[in-house]
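Engineer: what follows is a predicted structure for the sequence shown.
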Amino acid sequence: MNVEWFDFELPENLIAQTPLLDRTASRLLALNKQTGEITHNSFTDLEQYVGAGDVLVLNDTRVIPARLTGVKSDTGAKIELLLLKQLEGDSWEALGKPAKRLKVGTALSFGDDGQGNPLLRAVIEKEGEMGGRTIRFEYEGIFQELLDRLGEMPLPPYIKERLEERERYQTVYSKHAGSAAAPTAGLHFTDAFLDKLQAKGVKLAYVTLHVGLGTFRPMSVDLVEDHEMHSEYYELNEQNAAIINEAKRSGARIIAVGTTSSRTLETVAVRFEGNPIEACSGWTSIFIFPGYEFKLVNALLTNFHLPKSTLVMLVSALAGRDEVMHAYREAIVQQYRFFSFGDAMFIY
């Protein structure tokens, strides 16, 4: 399967640079995966597409201020790190820029304690592919507090505008810190709208998947099947497993909010081989593309994704490549806003 089959031209002016003032004010393109019918709605019209017994599965990961700007301790040259995931202790996997300056053994400094000493120090322990580095930090105090003080929200490179309010790159239900990117389909929800859906009988279930390098790594192969996904950490607790199992048993729809929720659900489904799922955690590198048969996910709420991305491929696996490419062309004609702060799509 050729990667080029998932390409499309997107006018730059359709890339949303800032979040809307009201989270629920975005538009919603609904795609019926059985008939291919497309309808144009407001996001709050989602209420018309879901009903009592349906389960919305939300990723409650919380984005950390993972972008650090510092200097090489010996030369003072400016460098940038994007923290992707914590390894053991104070070691992290990160993307470094400019990577050619970040050799093994290079010492880095971040911030100033007011007496000429860095608040945070680091050393490069290992070089990886495509700018990947293993970093070990040294500091006094609490690392998360230092990161909150020194770090910036890791907005994707296609967003050029500065984010005025950090919480707008968090879902209202974010809970477990650890992501290098937001699960953006969830950014459309407010507490009030979730309450409204629950009052209608819609149930909520939560999974955690910390978004890492897989989100930032472009495809560098010609054939889809040759791409290898980077592993990301996930968790599912007993209470939420029970909600999902009951939906499956009763024939209710399991609606994934975002591709990260989809990947977590399908990872767990594969892990338990068709049996009722259980509380679990681990690392997933599942890659979902056309030909994959979904085992838990019946419907999907998602944003509009980058051309030739693994996310477009996952969406195409659920609704069909031709149908998704047609829906994307329609979204462009109708001037939908794309990517992280953009509009939403509901596949049912």
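Structural biologist: The structure has been received and is ready for your questions.

Engineer: any stretches of the stretch 201-348 of the chain with poor pLDDT?
Structural biologist: 213-217 (pLDDT under 70).

Engineer: identify the residues contacting the closest residue to residue 240 other than its chain neighbours.
Structural biologist: Among residues not flanking residue 240 along the chain, residue 205 sits closest, at 4.5 Å (CB to CB, 6 or more residues apart in numbering). Where you see a C-beta, it was placed from the backbone N, CA and C, and this is true even at glycine. By CB atoms under 8 Å, 6 or more residues apart in numbering, residue 205 lies in contact with 55, 56, 57, 58, 240, 243, 244, 247.

Engineer: could you dump these to JSON lines with neighbour count and distance to residue 78?
Structural biologist: Below are the contacts of residue 205 laid out as JSON lines (neighbours: other CB atoms under 10 Å; distance: CB to CB, whole Å):
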{"residue": "55", "neighbour count": "24", "distance to residue 78": "47"}
{"residue": "56", "neighbour count": "24", "distance to residue 78": "43"}
{"residue": "57", "neighbour count": "27", "distance to residue 78": "41"}
{"residue": "58", "neighbour count": "28", "distance to residue 78": "38"}
{"residue": "240", "neighbour count": "21", "distance to residue 78": "43"}
{"residue": "243", "neighbour count": "17", "distance to residue 78": "48"}
{"residue": "244", "neighbour count": "23", "distance to residue 78": "46"}
{"residue": "247", "neighbour count": "21", "distance to residue 78": "50"}
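
Engineer: hey, what's residue 62 bridged with?
Structural biologist: residue 177 (DSSP bridges).

Engineer: who's in contact with it?
Structural biologist: 170, 174, 175, 176, 177, 178, 179.

Engineer: quick one on the thing from earlier: chain center to the helix or strand that contains the residue nearest to residue 240, what's the gap?
Structural biologist: Using DSSP states H and E, residue 205 falls within strand 203-209. Computed by CA atoms, centre = their mean, to the nearest Å, the separation of strand 203-209 from the middle of its chain amounts to 14 Å.

Engineer: tell me, how many residues neighbour residue 142?
Structural biologist: Neighbours of residue 142 under the rule other CB atoms under 10 Å: 9.

Engineer: do the one 3 residues further on as well
Structural biologist: Counted with other CB under 10 Å, residues neighbouring residue 145 total 11.

Engineer: report the secondary structure state of it.
Structural biologist: Secondary structure assignment for residue 145 (DSSP: H, G, I helix; E, B strand; the rest coil): helix.

Engineer: and it, how far from residue 120?
Structural biologist: Here the criterion is CB to CB, to the nearest Å. By it, residue 145 lies 11 Å from residue 120.

Engineer: report pLDDT for residue 45.
Structural biologist: Looking at residue 45, its pLDDT reads 98.

Engineer: could you pull up the residues touching the residue nearest to it when sequence neighbours are not counted?
Structural biologist: Distances taken as CB to CB, 6+ apart place residue 28 nearest to residue 45, at 5.8 Å, with adjacent residues excluded. Counting by CB under 8 Å, 6+ apart, residue 28 touches 40, 41, 42, 43, 45, 46, 343, 344, 345, 346.

Engineer: residue 28: what secondary structure?
Structural biologist: Per three-state DSSP, residue 28 ends up strand.

Engineer: please name the bridge partners of it.
Structural biologist: Bridge pairing for residue 28 - DSSP bridges - gives residue 41, residue 344.

Engineer: list the contacts of the closest residue to residue 137 other than its chain neighbours.
Structural biologist: Take residue 137 and drop its neighbours on the chain: the residue closest to it by CB to CB, 6+ apart is residue 90, 4.5 Å away. Residue 90 sits next to 136, 137, 138, 139, 143 when contact means CB under 8 Å, 6+ apart.

Engineer: can you list the buried residues in the host helix or strand of residue 148?
Structural biologist: According to DSSP H and E, residue 148 maps onto helix 143-150. For helix 143-150, burial by neighbour count (16 or more other CB atoms under 10 Å) applies to 146, 147, 150.

Engineer: separation between the residue nearest to residue 45 and residue 345?
Structural biologist: Residue 28 is 7 Å from residue 345, by CB to CB.

Engineer: just residue 266 next, same as before
Structural biologist: In terms of CB to CB, residue 266 sits 19 Å off from residue 345.

Engineer: of the contacts of residue 28, grab the buried ones for PyMOL.
Structural biologist: To isolate the buried members of the contacts of residue 28 in PyMOL, using 16+ other CB under 10 Å:
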select buried, resi 43+46+343+344+345+346
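
Engineer: show me what contacts the most centrally placed residue in the chain?
Structural biologist: Centroid-nearest residue in the chain, with CA atoms, centre = their mean: residue 183, separated by 3.7 Å. Contacts for residue 183 (CB under 8 Å, 6+ apart) come out as 58, 59, 61, 171, 209, 211, 257, 258, 260, 261.

Engineer: residue 33 - that's part of a strand, no?
Structural biologist: No. If the criterion is three-state DSSP, then residue 33 is coil and not within a strand.

Engineer: ok, it touching residue 345?
Structural biologist: No. With contact defined as CB atoms under 8 Å, residue 33 does not reach residue 345; the gap is 11.3 Å.

Engineer: looking at the chain, which residue ends up farthest from its center?
Structural biologist: Extreme point of the chain relative to centroid (CA atoms, centre = their mean) is residue 115; 38.9 Å.

Engineer: and for residue 236, nearest residue in space, chain neighbours not counted?
Structural biologist: Nearest residue to residue 236 in three dimensions, chain neighbours excluded: residue 207, at 5.2 Å (CB to CB, 6+ apart).
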